[in-house]
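A.B. asks: Sequence and predicted structure are below.
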Amino acid sequence: MSGQRTEQAKADTGRAPLGVYVHVPFCASTCDFCAFYQTVPKASDVHRYLAAIDREAELVPWSRPITTVFWGGGTPGMLAPKDLTRLAERVRANSGGTPVEWTVELAPGSVIDSRLEVLREAGVTRVSMGVQSFQPGLLEALGRQHSRQQVYRAYDRVRRAGFPVVNIDLMFALPGQTAGEWAADVREAVALEPDHLSTYCLTFEEDTKLWVKLSQGRVKLDPEHEAALYRATWRQLAEAGYAQYEVSNFARPGKECLHNLNTWRMHEWIGLGPSAASQHGGWRGANVADLAGWETRIARGERMTEDRVALNPALLAEDALIFGLRMNAGVDLAAWRDRAPSAPWLAIEETLAALADDGLLVRNGPVVRLTDDGRLVADAVGAEIMAAFENAVPEAAG
């Protein structure tokens, strides 16, 4: 079904899909695990942010209609209804039509009827709510600022507002979390009957409070426990009718996140806001992760100044393999051989063959997919593929 929606998007635009990601950097507090750029909002900062978003949008060469929109953060729900309206008007002004999908991330504590009304009227089709856990002790350990009761109230409000798709984010392998507690969280989420569930294994990102705790030995990694929780999650959600389509993502039929699918398939997207990344117009890069610094650069007519690289078919093929193998559908090697003939395919094939010998992936004609064992170590598989690209001897022309 997601493939059908992608093809429809291509038919609507006449070209490949184009996504827009808007980073809203405001958050009341920083969760212990979060490494995304964010800042506590002030009224003056919000005003400056919205003005700079307008200026940045004017710098973008809008070449075709937008297929998908995704607002992340931070917490977009920290914006007042009037500010959400202004941001939505900016997106619609450049959309060239009606996006096929429009997602907004919301924290349970930020969900109020007036915000939801604005978002629904703007054309938002999908709400993703960061629940993480229903266990009060685990929420406290993560530094989350909402309660279990707020989750239920927020979910009811989102459903009453009539959004076509609702996603719930959960996290597992939390410090002190038992297998029973995680299974209970999944059951509680499923009981709400969301259309989509994202289940993320806790990662320890540098410059986060959890990273500090790990470095101090106050929390420890347990790969065997993590693997057991992964497998239990997959079984539990399959039994509940949710199909896994990516290592961490599960959906009812036709409810997959099209914006993320298009990104993993290496289509183009435009990032707006501080720290937002873009892959557009032959370049990949990101905005500086600082509100004032981003605003200054935008005023000079500069965007995508960080980690800026020129795109080429081999680079896109590398990322298509790394991210595409995280998807259950896998990657069509024949399509990428045609698109990127200069990629080091001999080295790639040797790496894929070794991974297959290790039981981490399978081949079905030109399509390669990870096994369940491979999905457990998807990041390590990605590192192997990256090494194949980086270390390969250039192949002679045929």
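C.D. replies: Sure, I can see it. Residues are numbered from 1 along each chain as shown.
A.B. asks: Do a quick rundown of the strands in the stretch 201-350 of the chain.
C.D. replies: In chain order, the stretch 201-350 of the chain shows strands spanning 243-246, 249-251, 268-272, 277-280, 283-286, 306-310, 331-332, with DSSP state E, counting those that start in this stretch as the criterion.
A.B. asks: Give the residue spans of the stretch 251-398 of the chain that score low on pLDDT.
C.D. replies: Residues of the stretch 251-398 of the chain meeting the criterion pLDDT under 70: 392-398.
A.B. asks: quick one: the helices in it?
C.D. replies: Counting by DSSP state H, counting those that start in this stretch, residue ranges of the helices within the stretch 251-398 of the chain are 258-264, 291-299, 313-324, 333-339, 345-357, 372-376, 378-391.
A.B. asks: Of all those helices, which one comes closest to residue 276?
C.D. replies: Residue 276 lies closest, by Cβ to Cβ, to one member of the helices of the stretch 251-398 of the chain: helix 291-299, at 8.7 Å. (Each C-beta comes from the backbone N, C-alpha and C, glycine too.)
A.B. asks: Outside of stretch 284-294 itself, list whatever touches it.
C.D. replies: With contacts defined as Cβ atoms under 8 Å, 6 or more residues apart in numbering, stretch 284-294 is touched by 23, 25, 37, 39, 45, 48-49, 52, 56, 271, 273-278, 297, 303-309, 311, 315.
A.B. asks: run the last query once more with 7 Å
C.D. replies: Stretch 284-294 has contacts (Cβ atoms under 7 Å, 6 or more residues apart in numbering) with 25, 37, 39, 45, 49, 52, 271, 273-278, 297, 303-309, 311.
A.B. asks: now do stretch 243-253
C.D. replies: With Cβ under 7 Å, 6+ apart as the contact definition, stretch 243-253 has outside contacts at 1, 195-200, 234, 237, 241-242, 256-257, 326-328, 375, 378.
A.B. asks: again with stretch 255-263
C.D. replies: Under the criterion Cβ under 7 Å, 6+ apart, residues 2, 5-6, 17, 19, 67-68, 70, 100-101, 103, 165, 195-196, 245, 249, 269 lie in contact with stretch 255-263.
A.B. asks: quick one on the thing from earlier: just the buried ones among the contacts of stretch 243-253, please.
C.D. replies: Judged by neighbour count, with 16 or more other Cβ atoms under 10 Å as the criterion, the buried members of these are 195-199, 234, 237, 242, 256-257, 326-327, 375, 378.
A.B. asks: Now distance to residue 340 too, for those residues, in CSV please.
C.D. replies: What follows is the buried ones among the contacts of stretch 243-253, written out as CSV (distance: Cβ to Cβ, whole Å):
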residue, distance to residue 340
195, 35
196, 31
197, 34
198, 30
199, 32
234, 32
237, 34
242, 34
256, 26
257, 26
326, 19
327, 18
375, 25
378, 22
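A.B. asks: returning to what we had before: tabulate the strands of the stretch 201-350 of the chain in CSV, adding columns for mean neighbour count and distance to residue 60.
C.D. replies: Shown next, in CSV, are the strands of the stretch 201-350 of the chain (neighbours: other Cβ atoms under 10 Å; distance: least, Cβ to Cβ, whole Å):
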stretch, mean neighbour count, distance to residue 60
strand 243-246, 18, 28
strand 249-251, 24, 28
strand 268-272, 25, 6
strand 277-280, 21, 8
strand 283-286, 17, 12
strand 306-310, 11, 15
strand 331-332, 20, 29
